[in-house]
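**Student:** Coordinates for the following, if possible.
(chains A and B, ligands or ions: 2)
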Amino acid sequence: MGTFRYVLRDTNRLLFRHWGLSLLTLFTAVAVFFLVGSSALFMLNTRYLVARVESELLVQAYVKNEAQLQTVADKAHKIPGVASVRWVTTAEAMERLKTRLKGHAQALTILGENPLPPSLEIGLARAVLAPSVARELLAMPEVDDVIYAGGLADKLARVSRFATRFSMFVLVIAVTASALVLFNTIRISIYSRRDEIGVMLLVGATPTFVALPFVLQGMLLGMGGALGASLLIGGGYEALVRGVEATLPFVQLFRDPSMLLRLGLILLGGGITVGWISSWMAVERFIRRALRPM
Amino acid sequence: MDVRISGVTKLYEPDIRALEDVYLTVPKGEFLYLVGQTGSGKTTLLRLITREVMPTKGQIAVGEYNLRKMSAFDLALYRRDLGVIFQDFKLLPHLTAMENVAFVLDVIGVPPAEVKERTGEVLERVGMWRRRFLRPPQLSGGEQQRIAIARAVVNAPSLLVADEPTGNLDTHTAEEIMQLLLSINASGTTVLMATHNQFLVDAYRQRVLELHMGRVVRDEKRGRYELDGDF
Ligand SMILES: Nc1ncnc2c1ncn2[C@@H]1O[C@H](COP(=O)(O)OP(=O)(O)OP(=O)(O)O)[C@@H](O)[C@H]1O
Ligand SMILES: [Mg+2]
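**Tutor:** Ligands and ions are numbered 1, 2, ... in the order given. Predicted structure coming up:
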């Protein structure tokens, strides 16, 4: 009990004796974790966007005549990567055109007989599969022509890969930076108390006991940084989503409170872990050296 | 605790021979003066016992502990049973006299109530109770010395190691400190005291071990100070 009280009092003292340093470390940690959280959100949004576009990406196969729709549909189902097949008869194609033209629909009467070809709308499991699916469809004798947003699929895949890599890069840089800053702060704390630590070790304090306040200090700073960043991100992202919705209604941002909460928890866990590991490394090294006899 | 040193040689650097083939056995409860000229190896010998220094050759054991081979945890346990008065006191300047003493008990997990009681007792014993709220920079050399002693004995050590505990003190204060060490010894604690104080060694006769250039040159049951290297 006495031990516990002493450690807490000591941690408190460490944090507030060098409050300027603590504050600086805290700010740095907040900035770093904010960066990590933001890049994670950037990645999530990119993936969300890609997934949405992907689900809307259709390959349109025009069939020579309506009687062959069934045959082509059957064959299309067997192509790997095809998620859905939908018939569009000539009549339906005309209906669609009419609704799109709204008031000007009567203009269509001048066309006389319906000239629109029947087609199949094929949904894909993954956008990258579009070219190969299109190729197989085009190879069928019943198919006249195939249309799809060619380069788009490729671009989407590239954007998605880039977003993932970018946020991984940010993660690595940020974790390294925060670990270094925390490590140094703890080292300065240790250095400012080296006489005390020396006496503690000489009178029989265990290494764990000596290390504990410093490790707690590191964990609290890491946690504080992550907490600050999570709150900033939580509030900032809400505002961003609302702002975007008001000004750019066609852009839809990823929005999932449980995901945000999970991101916050991950940041918090990350902050505590980084604080723990870096402070432990700093203090363990110092104690080992201090205990080594000449 | 008893001390058993056998065949210990300490080289700080290949050419600095601080101790050479030292054999020394100190039974439990004994009082031993360690004398010798400056640089003869007294501090080195005491630091072997606190395990701040590792012998280059030879064995050293204190009580049940083999100092050549011990874990960090065992070292902590060993040091709890060891009282050390450093030549330079090593008091923490930002703590009060009382806190400096209580610190030792705090960091080994003694319950607060007991810390308070034992700290009070020992401060009374060294005559520093009234000045307990002063910090080391506000205390005189002799007063700091007393706090250092209080800190060394507050955990009732089995072995007390003192490196020139009367270093810069006048004869009167030195004698008071000596009385204190003798009373601690009387309660069963083994005491090893390195000293240059001829007056004390001759007035309070105890076993004397003399070092000269790192070698034991004299070991007398109730010896006097007079150094071999003096002529
Ligand atoms: N850390 C060290 N590195 C190198 N040499 C050292 C070290 N510590 C002590 N020595 C040398 O070892 C020898 C013995 O030193 P020690 O401090 O044990 O002497 P001492 O008897 O305590 O002297 P004094 O009476 O002045 O305190 C001296 O020659 C000293 O210079
Ligand atoms: Mg010395």
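
**Student:** Just the CA atoms of stretch B:61-76, as PDB, please.
**Tutor:** Extracted in PDB, the C-alpha atoms of stretch B:61-76 (Å, rounded to 0.1, in the frame of the first residue of the first chain):
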ATOM      1  CA  ALA B  61      30.400 -13.000   0.400                       C
ATOM      2  CA  VAL B  62      28.400 -11.100   3.000                       C
ATOM      3  CA  GLY B  63      26.000 -13.100   5.100                       C
ATOM      4  CA  GLU B  64      24.100 -15.400   2.800                       C
ATOM      5  CA  TYR B  65      24.900 -13.400  -0.300                       C
ATOM      6  CA  ASN B  66      27.600 -14.200  -2.800                       C
ATOM      7  CA  LEU B  67      28.400 -10.800  -4.300                       C
ATOM      8  CA  ARG B  68      30.000 -12.100  -7.400                       C
ATOM      9  CA  LYS B  69      26.800 -13.600  -8.600                       C
ATOM     10  CA  MET B  70      23.500 -12.100  -7.700                       C
ATOM     11  CA  SER B  71      20.300 -11.000  -9.500                       C
ATOM     12  CA  ALA B  72      19.100  -7.400  -9.400                       C
ATOM     13  CA  PHE B  73      16.300  -8.400  -7.100                       C
ATOM     14  CA  ASP B  74      18.700 -10.200  -4.600                       C
ATOM     15  CA  LEU B  75      20.900  -7.100  -4.700                       C
ATOM     16  CA  ALA B  76      18.000  -5.000  -3.700                       C
END
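
**Student:** how about that stretch: buried residues?
**Tutor:** B:62-63, B:65, B:67, B:75-76 (16 or more other Cβ atoms under 10 Å in any protein chain shown). Bear in mind the C-beta positions are built from the backbone N, C-alpha and C, glycine included.

**Student:** Could you do stretch B:80-94 as well?
**Tutor:** So for stretch B:80-94, counting by 16+ other Cβ under 10 Å, buried means B:80-86, B:89-92.

**Student:** so which of those are also by chain A?
**Tutor:** B:80-82, B:84, B:90, B:92 (Cβ under 8 Å from any Cβ of the partner chain).

**Student:** Using TSV, lay out those residues together with distance to A:L41.
**Tutor:** Listed next are these as TSV, based on distance: Cβ to Cβ, whole Å:
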residue	distance to A:L41
B:R80	53
B:D81	58
B:L82	57
B:V84	57
B:K90	53
B:L92	48
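
**Student:** just those now: which is nearest A:R255?
**Tutor:** B:L92 (55.9 Å; Cβ to Cβ).

**Student:** Would you mind measuring from the closest one to ligand 1?
**Tutor:** From B:L92 over to ligand 1 the distance is 23 Å, taken as Cβ to the nearest ligand atom, to the nearest Å.

**Student:** Spit out the contact partners of that residue.
**Tutor:** When contacts are counted by Cβ atoms under 8 Å, 6 or more residues apart in numbering or on different chains, B:L92 touches A:195-196, A:199, B:99-100, B:103, B:136.

**Student:** These: which two are farthest apart?
**Tutor:** Longest span within those, Cβ to Cβ: A:D195 and B:E99, 14.1 Å.

**Student:** Among the buried residues of stretch B:80-94, name the ones in strands.
**Tutor:** B:82-85 (DSSP state E).

**Student:** Just the element for the residue of chain A at minimum distance from ligand 1, please.
**Tutor:** Closest residue of chain A to ligand 1, Cβ to the nearest ligand atom: A:M294 (5.9 Å). Using DSSP states H and E, A:M294 sits in no helix or strand.

**Student:** In space, what's closest to it - neighbours in sequence excluded?
**Tutor:** Using Cβ to Cβ, 6 or more residues apart in numbering or on different chains and skipping residues adjacent in sequence, the residue nearest A:M294 is B:V53, 4.8 Å away.
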